[in-house]
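Asker: Below are the sequence and a predicted model; questions follow.
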Amino acid sequence: MSLEIASKRIKPLDPQLVNRIAAGEIIQRPFNALKELIENCLDAGSTSINIQIKEGGLKLIQISDNGCGINKEDLKIVCERFTTSKLKEFEDLKSINTFGFRGEALASISHVSRLTIISKTQDSPCAFKAMYSDGKLAKDGIKPCAAASRGTQIIVEDLFYNSSIRRNALKGGSDEFAKIYEVVSRYAIHNYHVGFYLKRIGESSMDLKTPGCSIRSVENENYLQDVIGILYGADMKKELERISVEYDDRLKFEMLAYMTNSRYTQLKQLTFVLFINERLVDCQPIKKSLQNLFQMYLPKSTNPFIYMNLKIDPKNLDVNIHPTKHEVRFLYQDEIISRIEKSFEEKLLDSSTSRSYYVKNLTLDTFIGESQKSQKKSDSQDSEGAKAPIYPYQLTRVDSKERKLDSFLHQTSLNDSIKVINRTKASSQDKCKSMLRGQDFERSFNFKSLNELRENVEKNSSKNLKQVMGDLNFVGCIERELALIQYQTGLYILNTRLLSEELFYQICLFNFGNFGYFNLSEPLDLFDLAIMALNDPRTEWTEEDGPKEKLAKRCAKFLYSKSALLDDYFSIKVTKRVDSEGENKYYLEALPMLIEDYEPDLVDLPLFVIRLATEVEWPNEKECFDSISKEIGYFYAIKNLKYEQDTHNFEENSSQNNDKMNESWMIEHVLYKAFVNMLLPSEENEQQTIFKLVDLSKLCVSCSYFKFFIA
């Protein structure tokens with residue numbers, strides 16, 4: 001045995017093995033890879049970062065930004081170890097101010113995944129695409145590709161595909177995504193001037209979305225508070241306290257922090273978000289010091305939220321002590337921590353001597369009623385030390401067994417509605433068949449015009465109406481366009497048509513280019529559809545406009561000329577065929593599938609076709625995307641239908657009442673579910689969208705009376 005051991009010689013490891021070992025130290029889990037990529041985006045000066053995740057990042061991490069981009073020449077070596085634009089000599093470490101500096105992030109990722117980079121600089125005529133394996137450029141080399149705007153897109157596929165032990169040791173996709181969400185949310189708080197978008201592929205709505213602003217400054221710190229409110233709730237935002245330490249010439253540091261005061265007791269674990277010199281790090285001495293401090297002011301088993309932005313002279317900071325740069329060390333550590341602790345304690349003492357009572361002050365005039373006045377009155381009584389009793393009828397009724405409006409109605413009263421339902425299904429379900437777009441992951445577009453339209457939607461959204469949508473109880477449908485809902489102790493009428501029109505418009509913008517198809521069972525001639533539209537009085541055709549046949553042919557031919565754009569971005573498929581006489585015919589074959597289990601009513605399809613040709617601002621990109629999305633929104637919106645033909649006998653169709661896709665089921669479980677999860681209702685349509693019917697706290701009625709009232 002001793003001879004066998006003695007015969008073993010020391011040999012250098014294979015370079016590829018060395019690189020994989022180093023990569024395993026830096027990229028330990030999917031969130032480590034994403035953290036490195038986010039820092040690269042921020043180093044590139046990005047103001048918008050779009051992230052898409054599949055299976056917790058193990059299957060796919062896709063991140064897109066609008067930063068400065070990577071030069072074509074640099075793409076050759078960008079994934080080699082120790083290639084960086086941040087350092088030239090060792091002395092530069094003393095004044096490093098960027099996130100990355102060693103040049104190991106992309107190299108490490110390429111050694112444990114299949115990596116693709118698509119990038120375009122401002123001066124480049126097109127984007128360039130490159131694929132990497134084990135830190136080296138693939139045999140295909142660098143290829144040009146189309147890209148509309150400056151920026152970089154990085155696609156990481158099959159993470160740890162060559163390390164089965166590491167991959168099997170990781171937790172499930174939901175656990176890995178939770179860590180990813182935590183990392184992205186922390187960067188979103190600190191970089192509140194950057195718009196962050198995080199989405200799991202396959203989900204209908206964004207998991208995280210922050211608005212961003214023009215610049216990070218003291219004047220814009222309200223955006224920072226807004227981001228915290230988005231991530232952790234409005235209740236936490238109300239209890240935030242600002243703490244700052246001015247620059248200390250001796251210790252060479254300054255600090256800005258936000259913490260929850262002693263009144264906020266909803267957190268069971270400490271949430272500590274620490275950035276030192278713009279880097280997300282962990283510092284156990286600071287964390288432990290503040291944790292001990294808050295224990296004296298908070299109830300047992302409760303903890304605070306703390307965000308801290310610490311700036312220290314780079315010469316006093318050592319950032320190169322951990323493979324993932326997760327920990328740092330700095331000079332005067334004990335003195336700096338003492339100053340920080342003192343500033344926090346002073347703020348805690350101030351907040352503990354006073355207490356605030358918050359009263360909802362909604363901007364909607366229809367919301368300001370007796371219930372709000374009584375709430376203000378009760379709050380004033382509380383401040384005087386008196387407690388007003390709360391009676392059962394003042395509480396919001398929320399019960400899983402609660403009955404909907406439909407259960408109070410006899411079937412015969414739904415006669416007219418069911419007739420419309422059956423006709424709707426016959427006209428749409430028989431002609432439409434859904435089919436998903438064949439692609440492995442969702443595409444991302446960084447068009448400036450598209451981003452501006454999305455930002456405009458977010459900027460003009462109504463917080464009050466969104467609050468109502470997020471906590472409503474659906475009562476029932478009054479008609480197709482109107483629904484009855486309960487919010488808190490109020491009974492309201494909502495305009496379903498306006499809400500659905502906004503919803504489908506926003507889906508067109510936020511899910512741009514990623515729709516499925518509704519394939520028509522047989523293609524529809526665009527000429528015939530245009531003729532039908534011109535015969536509709538709503539088009540307001542006059543003889544001065546020219547012959548209808550000529551206009552219809554021009555409309556069909558024009559839409560075919562835009563078929564590539566309509567298909568690629570909006571899943572509207574227009575094709576050309578040659579008939580037996582050698583004449584070109586243009587057909588509509590498919591429409592976009594915006595949300596599952598919802599089909600547009602085809603009654604207004606001719607009008608939709610003619611408006612696409614005449615009402616869309618085709619020459620200008622922004623106006624083009626906006627007007628197409630609006631036309632789709634108007635066409636897909638639910639409306640009251642008017643049919644001229646006689647209706648079928650209700651009894652013949654009564655068996656379809658239990659079909660889950662009938663009208664009332666679809667409105668409640670498809671549309672209103674989408675309103676809650678996806679819609680950002682606009683302030684512009686507040687007054688037309690919601691109307692307060694009655695304050696239930698002022699009524700004491702039995703179900704039998706309510707049944708009689710509705711009937």
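Answerer: Happy to help now that I have it.

Asker: When you work out contacts or count neighbours from here on, use the C-alpha atoms and nothing else.
Answerer: OK.

Asker: so what's Arg167 up against?
Answerer: Residues in contact with Arg167, defined by Cα atoms under 8 Å, 6 or more residues apart in numbering, are 159-161.

Asker: Of those residues - the most surrounded one?
Answerer: The member of these that has the most neighbours, counting by other Cα atoms under 10 Å, is Leu159 with 25 neighbours.

Asker: Can you tell me how far it is from Tyr223?
Answerer: Distance of Leu159 to Tyr223, given as Cα to Cα, to the nearest Å: 35 Å.

Asker: Where do the helices of the stretch 551-700 of the chain begin and end?
Answerer: For the stretch 551-700 of the chain, the helices defined by DSSP state H, counting those that start in this stretch occupy 563-570, 605-614, 621-636, 663-666, 672-678, 686-689.

Asker: With just CA atoms, put the fourth one into PDB.
Answerer: So the one you mean is helix 663-666. Provided in PDB are the C-alpha atoms of helix 663-666 (Å, rounded to 0.1, in the frame of the first residue of the first chain):
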ATOM      1  CA  GLU A 663     -71.700  33.200 -20.800                       C
ATOM      2  CA  SER A 664     -71.900  33.800 -17.100                       C
ATOM      3  CA  TRP A 665     -69.100  31.200 -16.300                       C
ATOM      4  CA  MET A 666     -66.800  32.700 -18.900                       C
END
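
Asker: Check which helices and strands the host helix or strand of Phe527 sits against.
Answerer: In this structure, Phe527 sits in helix 526-534 according to DSSP states H and E. Helix 526-534 makes packing contacts with helix 548-561, strand 584-593, helix 605-614 when contacts are defined by 3 or more Cα pairs under 8 Å, 6 or more residues apart in numbering; DSSP states H and E.

Asker: what's the closest of the ones you listed to Ile117?
Answerer: Between Ile117 and the helices and strands packed on helix 526-534, the shortest separation by Cα to Cα is 29.6 Å, and it involves strand 584-593.

Asker: What are the contacting residues of the closest one?
Answerer: 434, 515-520, 522-527, 556-557, 560, 570-579, 599.

Asker: That one pairs with which strands, parallel or anti?
Answerer: strand 516-525 (antiparallel), strand 573-578 (antiparallel) (DSSP bridges).

Asker: Where do the strands of the stretch 51-200 of the chain begin and end?
Answerer: Using DSSP state E, counting those that start in this stretch, the strands of the stretch 51-200 of the chain run over 60-65, 114-120, 127-133, 136-137, 143-145, 151-157, 195-200.

Asker: so can I have TSV of those showing mean neighbour count?
Answerer: Listed next are the strands of the stretch 51-200 of the chain as TSV, based on neighbours: other Cα atoms under 10 Å:
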stretch	mean neighbour count
strand 60-65	25
strand 114-120	24
strand 127-133	22
strand 136-137	20
strand 143-145	13
strand 151-157	23
strand 195-200	21
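
Asker: These: lowest mean pLDDT?
Answerer: Mean pLDDT is lowest for strand 136-137 among the strands of the stretch 51-200 of the chain, at a mean of 86.

Asker: what lines up beside that strand in the sheet?
Answerer: strand 127-133 (antiparallel).

Asker: Report the angle between the strand it pairs with and strand 151-157.
Answerer: For strand 127-133 against strand 151-157, the angle by axes from the mean of the first three to the mean of the last three Cα atoms, to 10 degrees is 30 degrees.

Asker: Can you list the low-confidence ranges for the stretch 251-400 of the chain?
Answerer: 319-326, 352-400 (pLDDT under 70).

Asker: would you put the C-alpha positions of the helix or strand hosting Gly476 in PDB?
Answerer: Taking DSSP H and E as the definition, Gly476 sits inside strand 473-479. The C-alpha coordinates for strand 473-479 follow below in PDB (Å, rounded to 0.1, in the frame of the first residue of the first chain):
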ATOM      1  CA  ASN A 473     -66.500  39.400  -4.800                       C
ATOM      2  CA  PHE A 474     -68.300  38.600  -8.000                       C
ATOM      3  CA  VAL A 475     -72.100  38.600  -7.500                       C
ATOM      4  CA  GLY A 476     -73.400  38.100 -11.000                       C
ATOM      5  CA  CYS A 477     -74.000  39.500 -14.500                       C
ATOM      6  CA  ILE A 478     -76.700  42.100 -15.100                       C
ATOM      7  CA  GLU A 479     -76.100  41.800 -18.800                       C
END
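
Asker: Could you give me the buried positions within that strand?
Answerer: Of the residues in strand 473-479, 473-477 count as buried by neighbour count, 16 or more other Cα atoms under 10 Å.

Asker: could those residues go into TSV alongside distance to Ser627 and pLDDT?
Answerer: Shown next, in TSV, are these (distance: Cα to Cα, whole Å; pLDDT from 0 to 100):
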residue	distance to Ser627	pLDDT
Asn473	33	86
Phe474	32	86
Val475	34	86
Gly476	32	84
Cys477	30	85
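
Asker: so which of the residues you listed comes closest to Tyr487?
Answerer: Relative to Tyr487, and with distances defined as Cα to Cα, the nearest of those is Asn473, at 6.4 Å.

Asker: any idea how far the closest one lies from Leu499?
Answerer: Distance from Asn473 to Leu499, by Cα to Cα: 16 Å.

Asker: Quick check, pLDDT for the spatially closest residue to Thr47 that is not a sequence neighbour.
Answerer: Nearest non-adjacent residue to Thr47, counting by Cα to Cα, 6 or more residues apart in numbering: Val194, 4.5 Å away. Looking at Val194, its pLDDT stands at 96.

Asker: What backbone torsions are found at Val194?
Answerer: Main-chain dihedrals, Val194, degrees, to the nearest 10: phi -100, psi 140.

Asker: isn't it right up against Gly212?
Answerer: Yes: in this structure, Val194 is within contact of Gly212 by Cα atoms under 8 Å, at 4.5 Å.

Asker: host element of Asn451?
Answerer: Assigned by DSSP H and E, Asn451 falls in helix 448-459.

Asker: how much space is there between the residue nearest the centre of the chain and Glu182?
Answerer: In the chain, the residue lying closest to the centroid (Cα atoms, centre = their mean) is Met206, at 2.7 Å. Applying Cα to Cα, the value for Met206 to Glu182 is 15 Å.

Asker: just Ala188 next, same as before
Answerer: 10 Å.

Asker: Please compare those two by neighbour count and tell me which comes out ahead.
Answerer: Ala188 (25 against 14).

Asker: lowest confidence element among the helices and strands of this structure?
Answerer: Within the chain, judged by mean pLDDT, DSSP states H and E, the helix or strand with the poorest mean is helix 415-428; its value is a mean of 38.

Asker: And for Met308, the neighbour number?
Answerer: Using other Cα under 10 Å: Met308 sits among 19 other residues.

Asker: three-state assignment of it?
Answerer: Following DSSP: H, G, I helix; E, B strand; the rest coil, the label given to Met308 is strand.

Asker: What helix or strand is the closest residue to it other than its chain neighbours located in?
Answerer: Counting by Cα to Cα, 6+ apart, Met308 lies nearest to Ala257, which is 4.2 Å off, once chain neighbours are set aside. Secondary structure from DSSP H and E places Ala257 in strand 253-260.

Asker: related to what we said a few turns ago, relative to Pro125, which of the helices of the stretch 551-700 of the chain is closest?
Answerer: helix 621-636 (18.6 Å).

Asker: Buried residues, the closest one. List them.
Answerer: 622-636.

Asker: and which of those is nearest Pro681?
Answerer: Closest to Pro681, out of all of the buried residues of helix 621-636 and judged by Cα to Cα, is Gly633, at 13.6 Å.

Asker: Verify the contact between the closest one and Tyr505 for me.
Answerer: Yes: using Cα under 8 Å, Gly633 is in contact with Tyr505, at 4.5 Å.

Asker: Determine how far the host helix or strand of Lys35 lies from the middle of the whole chain.
Answerer: Lys35 belongs to helix 30-43 when elements are defined using DSSP H and E. Mean C-alpha position of helix 30-43 versus that of the full chain (Cα atoms, centre = their mean, to the nearest Å) differs by 19 Å.

Asker: which secondary structure elements does it contact?
Answerer: Right, helix 30-43 is packed against strand 60-65, helix 105-111, helix 173-190 by 3+ Cα pairs under 8 Å, 6+ apart.
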